[in-house]
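Student: with the input below, show me the fold.
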Amino acid sequence: MKLLCTPRSDESTFQRHRFDGGAEGLAVQTNAQARLAVATWIKRHGGPPVETGGAVYSAWVKYALVILSGASDAPLEELGQLTPLQAAQTPAMDEVARLGRVGAVRSTPVKSAPTLVGAQATLLGIDAWMHRVTPGALEAVGVDEDLALQDSAFAVSLLSADLEDGPTGPGLLFDHAPTGLTKRETTALFETVERCWREREPGLMREVSLRTLGPARGLLIDRSSRAYERTHMTPPAHFIRQRWRDYLPDGEHAPVLNTLIDLSIDALMDHEINIARKENGLGQVTLAWPWGGGNLEPLTPFAESFNLRTAAVTASDSFAGLVRLLGIDRLPAPGVSAETATEDINSLGAYAAAGLDRYDMVIAHVSGARACSLNGDGAEKTKLLERIDAGVVAPLLVKLQSFGDAEQSAASNPEEGWRMLIAVDQTCDTNRRTPTAAPCPFVMAGAWIRSVLDLPFDEHGAAQSDIGVDPGHDLMEYFLFSALKTARPRSERTRQRGGVSHG
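Tutor: Okay, here's the model as predicted:
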């Protein structure tokens, strides 16, 4: 398989994947046909084909994917008009860029609202247009909530906002995650909110429940079989410092959610936790905001699509739910927990690197950079990227290189090899404290990946690259299968494969 990319002068000329050739003489022109061809080859030969100009690589190779959530950004005045990726000292990422190729991926389709889970699903090879993935349903799966297919799950955020016109603006949202709010306090606030809901709307709440997930975060389950597919809900991270009432849910069953929001204001207004926060100069927790609701939609297992045994390390409930739906194992790591909102970078990197001894592919998902942007802190985002470079990228790169490089050394076992992909899932503008739909940078290196262009792994390097992946869900196949050279599978060291010619 081969991804054909052409140079582009701007983001509007992204090129769509075209797969040419195959061991069976197929001319594959669409993703659906590509997946069918791969499935046919796997069934006949026991591994996915990769065209190499004369032989097939059976993909028994070590892969690592690092997802830097929200890492790309706009130039920031506090960083001398550099982005955090440009300002950060990241020698490991620089080395990956030196060894490989930098490109740009459109993780959010044109004219679509930027959704984090949709962008992450895209990077894992899922067509977000065809599959409706919602944060609520994924978080439910991620925390082992028993969710039937007809049930709806919503993420719920506790917000700090103006309730009326005032000197700071007409009902603005101040914070989508109130500063200093603990999980224990969150639980107490949600208990008060749910009690108010049940007292005031017992019929509506008959089959609705609310539970705490972490600081300022909860999960709402509606088992009434109400369908929310036509209900428009906006994540609170998308309207910080804007009028929150302009973003109230609308569409079918929106009155249900708006009633819950209005009642939450009454419940929280004079809460003892808010009284204490006011005395300590902290913002009030003013309302509970349900968003990202939807039903559970089964997804094709990752191993069925790509024939790789894969594991992931993450502190995100929604990403944990996504990988679980894909049949990807989750590696537990001390200090990496959504429940306590902690993300020990060194622990995440160490456990991801160790996972390569047991899995074909390991995914390290790091979420902190996005939070820095939403808090408007470009300096902290830069420091975090430096810690990710040292604590995650560096140990993964060292571990991968221990598996050898058949291209670089004649002494290397030609049946061994590695590939690494570092990709940003979503661009977050720290100046505006909001996600955007801009294309995101990626860099990949390893077996038979070379570039004639010397580009840095940052927003400018991605814009200058001749590789633009649109639709973004094709990036995974490009990473796994493109341009690999001749090798034999580990499980069949003496068996030669048939040839694959380029189109």
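
Student: which of the helices or strands spans E199?
Tutor: helix 183-200 (DSSP states H and E).

Student: any chance you could list what contacts the helix or strand following that helix?
Tutor: As assigned by DSSP H and E, the chain's next helix or strand after helix 183-200 is strand 208-214. Strand 208-214 has contacts (CB atoms under 8 Å, 6 or more residues apart in numbering) with 139, 143, 145, 156, 183, 186-187, 190, 193-194, 197, 218-224, 317, 338-341. Where you see a C-beta, it was placed from the backbone N, CA and C, and this is true even at glycine.

Student: equivalent analysis for stretch 456-463, please.
Tutor: 11, 72-73, 83, 85-86, 90, 93-94, 96-97, 102-104, 422, 427, 439-443, 455.

Student: got a list of what E164 touches?
Tutor: Counted by CB under 8 Å, 6+ apart, E164 has contacts G171.

Student: can you tell me how far it sits from D458?
Tutor: Per CB to CB, to the nearest Å, E164 is found 43 Å from D458.

Student: do R419 as well
Tutor: R419 sits 21 Å away from D458, going by CB to CB.

Student: remind me which helix or strand the residue lying closest to T192 once chain neighbours are set aside belongs to.
Tutor: Setting aside the residues directly before and after it, T192 is nearest to A267 in space (CB to CB, 6 or more residues apart in numbering), at 5.1 Å. Secondary-structure element containing A267, defined by DSSP H and E: helix 254-268.

Student: now the angle from that helix to strand 208-214?
Tutor: 60 degrees (axes from the mean of the first three to the mean of the last three CA atoms, to 10 degrees).

Student: distance of L181 relative to V285?
Tutor: With distances taken as CB to CB, L181 is found 7 Å from V285.

Student: can you check which residues contact both of these two?
Tutor: Common neighbours of L181 and V285 (CB under 8 Å, 6+ apart) are 158, 216.

Student: related to what we said a few turns ago, any idea how far the helix holding E199 is from the chain center?
Tutor: Centroid displacement of helix 183-200 relative to its chain, using CA atoms, centre = their mean, to the nearest Å, is 30 Å.

Student: from the contacts of strand 208-214, keep the buried residues only.
Tutor: Buried members of those, counted by 16 or more other CB atoms under 10 Å: 139, 143, 145, 156, 183, 186, 190, 193-194, 197, 218-224, 317, 338, 341.

Student: okay, and I449 sits in which element?
Tutor: Using DSSP H and E, I449 maps to neither a helix nor a strand.

Student: how many residues are close by it?
Tutor: 20 (other CB atoms under 10 Å).

Student: the one 3 residues further on too?
Tutor: Here the neighbour count serves as a burial measure; for V452 (other CB under 10 Å) it reads 6.

Student: and the lengthiest strand in the chain, what other elements does it pack with?
Tutor: Looking across the chain with DSSP state E, the single longest strand is strand 152-161. The helices and strands touching strand 152-161, judged by 3 or more CB pairs under 8 Å, 6 or more residues apart in numbering; DSSP states H and E, are helix 135-142, strand 173-175, helix 183-200, strand 217-222, strand 287-294.

Student: where does pLDDT dip in this protein?
Tutor: 1-60, 111-112, 165-169, 336-343, 406-416, 483-503 (pLDDT under 70).

Student: which SS state does the residue positioned nearest the centre of it fall under?
Tutor: Centroid-nearest residue in the chain: Q120, 2.9 Å away (criterion: CA atoms, centre = their mean). Assigned by DSSP: H, G, I helix; E, B strand; the rest coil, the conformation of Q120 is helix.

Student: how about it: what's its closest non-neighbour residue?
Tutor: D425 (5.0 Å).

Student: OK, contacts around that neighbour?
Tutor: The neighbours of D425, taking CB under 8 Å, 6+ apart as the test, are 67-70, 107, 116, 119-120, 122-123, 440.

Student: distance check, it against V366.
Tutor: From D425 to V366 the distance is 10 Å (CB to CB).

Student: overlap in contacts, the two.
Tutor: Shared contacts of D425 and V366, counting by CB under 8 Å, 6+ apart, come down to 67-69.

Student: how about the residues you listed in a markdown table, adding secondary structure?
Tutor: Below are the shared contacts of D425 and V366 laid out as a markdown table (three-state DSSP):
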| residue | secondary structure |
| --- | --- |
| I67 | strand |
| L68 | strand |
| S69 | coil |
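
Student: what about the residue nearest to T192, how many neighbours?
Tutor: 21.

Student: pretty sure it contacts E199?
Tutor: No: taking contacts as CB atoms under 8 Å, A267 lies outside contact range of E199: 9.5 Å.

Student: how long is stretch 107-121 end to end?
Tutor: By CA to CA, to the nearest Å, the extent of stretch 107-121 from end to end equals 9 Å.

Student: buried sites along that stretch?
Tutor: Quick answer for stretch 107-121 (16+ other CB under 10 Å): 107-109, 114-121.

Student: same check, this time on stretch 362-381
Tutor: 362-378, 380-381.

Student: same check on stretch 198-206?
Tutor: 204-205.

Student: who's in contact with it?
Tutor: For stretch 198-206, using CB under 8 Å, 6+ apart, the contacting residues are 194, 197, 224, 256, 259-260, 263.

Student: among those, which one lies nearest to P235?
Tutor: Lowest distance from P235 to the contacts of stretch 198-206 (CB to CB) belongs to L260, with 16.5 Å.

Student: contact partners for that closest one?
Tutor: Applying CB under 8 Å, 6+ apart, we find L260 in contact with 197, 201, 204, 220, 288, 290.

Student: I figured the fourth one hits P290, correct?
Tutor: Yes: if you go by CB under 8 Å, L220 and P290 touch, sitting 5.3 Å apart.
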